[in-house]
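Colleague: model this:
(2 chains)
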Amino acid sequence: MNVTLADIHRSFGKNSAVDGVDLQLGVGVFGLLGPNGAGKTSMLRMLATVLPPSAGEIRLLDRDPRRPAARREIRRRLGYLPQNLGYYPSFTVVEFIEYFALLKEMPSAAVPRAVAAAVERVDLGTKAKAKLRTLSGGMLRRVGIAQAIVNDPELLLLDEPTAGLDPEQRVQFRSLMRILGEGATVIVSTHLVEDVGAACSEVALMSAGKIVFRGTPDELTARGEGHGIGDAPLERGYSAVLSAARS
Amino acid sequence: MSIPNESGRLPSANDPLGGVDLGRVWTGVAAEVWRRHPGLIERAAARLLRSPGLARALITTPSLLLPWLISTVVVFGVGALVNLGPGESLVWLIAPAVAAVGIAFAYGPGIDPAWELSSSCAVPDRMVLLTRAVAVFALNAALGLLASVASGAAAALTFGWLIPMTAVCALALAVAVATRSAGVGAAAGVAAWVITVLVGQTAGGQLTASVTNASGYLPYLVVAACCAAIVIYATRPQRGLQ
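Modeller: Prediction:
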């Protein structure tokens, strides 16, 4: 298992963001669904080793991230796209991706080719030398995805990756996720259920810090038959599960 | 010339274009066209710091304009206070810590836009911060040297504050790289500074003043408390990840 969470809790003051989550994940694309404030971003930040859990045990890539040496090894094999991608406006696309490739301790000799491959995978070749301050929101999101995949990660964490992408780019991105998910654990946090239906082999739904559903997209769809609200079958399943969890 | 495809398989006659993987070729070309060639300073820093990532952080520090400006204001402000102040050892002892906290704030989560991303990377964020402190002081020292040509006050600030602080930060970073621990490096820098200040206090001729003069007790207690705090923090039980 690449990810093992045992009774994970995370609180901010008196507010409980994640409240007793157990999860085991292997290779594949895993969708994390839920409304705003459900705890998805806190979960991803803990998996990215940015935020420590208040309680519980985490193992990532068969290592204990509480140990500094193990944490460093995990981070070398990790790709992370935060919900709010901070960037340096004066950097070019290539400079930004290269900077994070180096901070991930990729071998220097391998960095130029890896950066070029990542830029091409997100279809930003024509903007490779453009300053980040000149890019649109969708392009910046693709820069964020490129820095996340530049080290060919074994564990890829993407928080709202399709926010700001146009429909064509979203279709391309889902295809990229499926390819990456063949050899890595890809966890995608989103509130767009169509992304999950198209790209994820498994899905979990979070509400109030807890996982209230785990299964395949088809199983989530089945929960909405005759219940729930929404235009698409998966949306009806989503709303039906959430309603049941809240009642 | 035949180029192996991504699987490493040799090309066959049935492969398109004689087995040439055009995507792979293009990536190689793009890598050459787009690659950035590090300058002399960055290459030297990469060797000294044993990390191209830290070297890149060192070189890019001044280009992150807002944190750089905030750090510079803090550094010059603390330096001016130290030089204009009463000159008591306590002021001198805590001055580097005040400047370091200012730099840490400027490049911390509140201001550095990419802090969250940086803190998920293998190179520890505290090492990056130490590197940035060296860059801030070194560049300010260079500016101070230029200003010293025209102003005596600038010369006092440069030689009495900026250059010693650059040396202290460089020592801290060197120890941190050697021991692979930013905490140990910071402790070494603090210790070196404390020794320097105390030696200066005793330079009046009374070599035992540092242990017999009651006015030194308070600074000693402060330094001891700082060291204890560093040790406790560095060896704390790992309840969280960081």
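Colleague: After the longest helix seen in chain B, which helix or strand is next? Please name it.
Modeller: If you go by DSSP state H, chain B has its longest helix at helix B:125-148. Following helix B:125-148 in sequence order, the next helix or strand is helix B:152-157 (DSSP states H and E).
Colleague: If you tally nearby residues, what's the number for the one residue in chain A that gets nearest to chain B?
Modeller: Minimum separation of chain A from chain B (C-beta to the nearest C-beta) falls at A:Pro52, amounting to 2.4 Å. Where you see a C-beta, it was placed from the backbone N, CA and C, and this is true even at glycine. Number of residues near A:Pro52 (other C-beta atoms under 10 Å in any protein chain shown) recorded here: 17.
Colleague: Output the contacting helices and strands for the lowest-mean-pLDDT helix or strand in chain A.
Modeller: Ranking every helix and strand in chain A by mean pLDDT, DSSP states H and E puts helix A:193-199 at the bottom, with a mean of 82. Packing partners of helix A:193-199 (3 or more C-beta pairs under 8 Å, 6 or more residues apart in numbering or on different chains; DSSP states H and E): strand A:28-33, helix A:167-180, strand A:185-190, helix A:217-223, helix A:233-246.
Colleague: Tell me the neighbouring strands of the first one, and mark each as parallel or antiparallel.
Modeller: Just to be clear, that refers to strand A:28-33. strand A:185-190 (parallel), strand A:202-207 (parallel) (DSSP bridges).
Colleague: per-residue confidence for the closest residue to A:Ala198 other than its chain neighbours?
Modeller: When the adjacent residues along the chain are set aside, A:Ala198 lies closest to A:Arg174, with 4.7 Å between them (C-beta to C-beta, 6 or more residues apart in numbering or on different chains). The pLDDT attached to A:Arg174 in the predicted structure is 89.
Colleague: so who does A:Arg174 touch?
Modeller: A:195, A:198-199 (C-beta atoms under 8 Å, 6 or more residues apart in numbering or on different chains).
Colleague: Looking at the strands paired with strand A:28-33, which one is packed in the most?
Modeller: Sort the strands paired with strand A:28-33 by mean neighbour count, taking mean count of other C-beta atoms under 10 Å in any protein chain shown, and strand A:185-190 sits at the top with a mean of 26.
Colleague: Using CSV, write down the CA coordinates of that one.
Modeller: Extracted in CSV, the C-alpha atoms of strand A:185-190 (Å, rounded to 0.1, in the frame of the first residue of the first chain):
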residue,chain,number,x,y,z
THR,A,185,-1.1,6.5,-6.5
VAL,A,186,-2.9,9.6,-7.7
ILE,A,187,-5.3,11.3,-5.2
VAL,A,188,-7.5,14.0,-6.7
SER,A,189,-9.5,16.3,-4.4
THR,A,190,-12.3,18.0,-6.3
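Colleague: Just the angle for that strand relative to helix A:167-180, thanks.
Modeller: Calculated by axes from the mean of the first three to the mean of the last three C-alpha atoms, to 10 degrees, strand A:185-190 forms an angle of 150 degrees with helix A:167-180.
Colleague: since we're on residue 46, how many residues are nearby?
Modeller: Since no chain was named, I'll use chain A. Residues lying near A:Met46 (other C-beta under 10 Å) number 27.
Colleague: Can you look at chain B instead?
Modeller: With other C-beta under 10 Å as criterion, B:Ala46 counts 20.
Colleague: Report the contact partners of the residue nearest the centre of chain B.
Modeller: When C-alpha atoms, centre = their mean is applied to chain B, the residue found nearest the centroid is B:Thr131 (2.1 Å). For B:Thr131, the contacting residues are B:49, B:54, B:57-58, B:61, B:173, by C-beta under 8 Å, 6+ apart.
Colleague: can you check A:Lys127 too?
Modeller: With C-beta under 8 Å, 6+ apart, A:Lys127 has these contacts: A:93, A:135, A:139.
Colleague: Now the second one. Its backbone dihedrals?
Modeller: When quoted as degrees, to the nearest 10, the phi and psi of A:Leu135 stand at phi -90, psi 160.
Colleague: Ok, A:Val122 next?
Modeller: With angles defined as degrees, to the nearest 10, A:Val122 sits at phi -100, psi 10.
Colleague: I'd assumed A:Gly144 was in contact with it.
Modeller: No - contact criterion C-beta atoms under 8 Å: A:Val122 and A:Gly144 do not qualify, at 9.0 Å.
Colleague: before we move on, the earlier item: got the strands paired with strand A:28-33 as a markdown table, with mean pLDDT columns?
Modeller: A markdown table is the format used below for the strands paired with strand A:28-33 (pLDDT from 0 to 100):
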| stretch | mean pLDDT |
| --- | --- |
| strand A:185-190 | 94 |
| strand A:202-207 | 94 |
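Colleague: List just the one of the ones you listed that sits closest to B:Val136.
Modeller: strand A:185-190 (35.8 Å; C-beta to C-beta).
Colleague: what's the distance between the closest one and the middle of its chain?
Modeller: 4 Å (C-alpha atoms, centre = their mean, to the nearest Å).
Colleague: So which residues lie in contact with it, not counting its own?
Modeller: For strand A:185-190, the surrounding residues in contact (C-beta under 8 Å, 6+ apart) are A:2-3, A:25-33, A:40-41, A:43-44, A:47, A:83, A:154-162, A:177, A:180, A:195-196, A:199-200.
Colleague: Please name the nearest non-neighbouring residue to A:Val171.
Modeller: A:Ala198 (8.0 Å).
Colleague: what about that neighbour, distance to A:Pro217?
Modeller: Remark: distance between A:Ala198 and A:Pro217 (C-beta to C-beta, to the nearest Å) = 9 Å.
Colleague: got it, and B:Glu116?
Modeller: 29 Å.
Colleague: if I look at the closest residue to A:Val212 other than its chain neighbours, how far off is A:Ala128?
Modeller: Spatial nearest neighbour of A:Val212, chain neighbours left out: A:Ala245 (4.0 Å); criterion: C-beta to C-beta, 6+ apart. Separation of A:Ala245 from A:Ala128 (C-beta to C-beta): 45 Å.
Colleague: go on, B:Ala229?
Modeller: 46 Å.
Colleague: And for B:Ala44?
Modeller: Taken as C-beta to C-beta, the span from B:Ala44 to A:Ala128 is 27 Å.
Colleague: mind listing what's buried in stretch A:188-200?
Modeller: For stretch A:188-200, burial by neighbour count (16 or more other C-beta atoms under 10 Å in any protein chain shown) applies to A:188-193, A:195-200.
Colleague: could the residues you listed go into TSV alongside distance to A:Tyr88?
Modeller: As requested, the buried residues of stretch A:188-200 are exported to TSV (distance: C-beta to C-beta, whole Å):
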residue	distance to A:Tyr88
A:Val188	26
A:Ser189	24
A:Thr190	26
A:His191	28
A:Leu192	28
A:Val193	34
A:Asp195	28
A:Val196	32
A:Gly197	35
A:Ala198	33
A:Ala199	30
A:Cys200	32
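Colleague: That's all I had, so thanks and see you.
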